[in-house]
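J.: Compute the structure for the input listed below.
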Amino acid sequence: MASFLNRKLPLQDETTVFIFVNVLDIFMTYSLLRFGAIEANPIANCFLHRFGFNGMIFFKLAITASVCVIAQMIAIQSIAKARGVLRSGTMLVGAVVAYSAYLFTAEIL
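T.: Numbering: from 1, shown residues only. I've put the predicted structure just below:
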């Protein structure tokens, strides 16, 4: 049992960064919504209007968890492809976070 807890999981670093960037996306979304912005993702917007902000958090984290699980399944066959999936996802969500930060600073200033 102790050896299981001490081992590093495949793609642990990439997965951690991917999850972190997605949490930043949730934080930026919350910040923008407080200043009157709208959710541009129509599916996330549906969750927001139907279940409130907690529902949208659930939706975004469910997508994040799904990508992490899919990447681990891909890693069984090809660690390089799985790493590419996580890095691509991180770059994509990172671009959304950067754009959200731009919108936030444009709104404040």
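J.: quick one, what contacts the residue nearest the centre of the chain?
T.: Of all residues in the chain, the one closest to the mean position by Cα atoms, centre = their mean is Asn22, 2.3 Å from it. If a contact means Cβ atoms under 8 Å, 6 or more residues apart in numbering, then Asn22 has 60-61, 64, 93 as its contacts. Glycine gets a C-beta too; all of them are placed from N, C-alpha and C.
J.: secondary structure element for it?
T.: Secondary-structure element containing Asn22, defined by DSSP states H and E: helix 12-34.
J.: buried sites along that helix?
T.: Across helix 12-34, burial judged by 16 or more other Cβ atoms under 10 Å covers 14-15, 18-19, 21-26, 28-29, 31-32.
J.: for this structure, what spans make up the helices?
T.: Across the chain, reading from the start of the chain, the helices by DSSP state H fall at 2-6, 12-34, 42-77, 79-108.
J.: what about the third one, distance to the chain center?
T.: When you say that, I think you mean helix 42-77. Chain-centre distance of helix 42-77: 8 Å, with Cα atoms, centre = their mean, to the nearest Å.
J.: For it, name the packing helices and strands.
T.: helix 12-34, helix 79-108 (3 or more Cβ pairs under 8 Å, 6 or more residues apart in numbering; DSSP states H and E).
J.: what's the closest of these to Ala44?
T.: When the helices and strands packed on helix 42-77 are ranked by distance to Ala44, counting by Cβ to Cβ, first place goes to helix 12-34 at 7.8 Å.
J.: tell me the angle the closest one makes with helix 42-77.
T.: Counting by axes from the mean of the first three to the mean of the last three Cα atoms, to 10 degrees, helix 12-34 lies at 180 degrees to helix 42-77.
J.: for the buried residues of helix 12-34, which one is nearest Ile79?
T.: Ranked by distance to Ile79 (Cβ to Cβ), those are led by Glu14 at 10.0 Å.
J.: Neighbours of Asn45, how many?
T.: By other Cβ atoms under 10 Å, 14 other residues sit near Asn45.
J.: these two touch, right, Thr90 and Val17?
T.: Yes: Thr90 sits in contact with Val17 when judged by Cβ atoms under 8 Å, with a separation of 5.6 Å.
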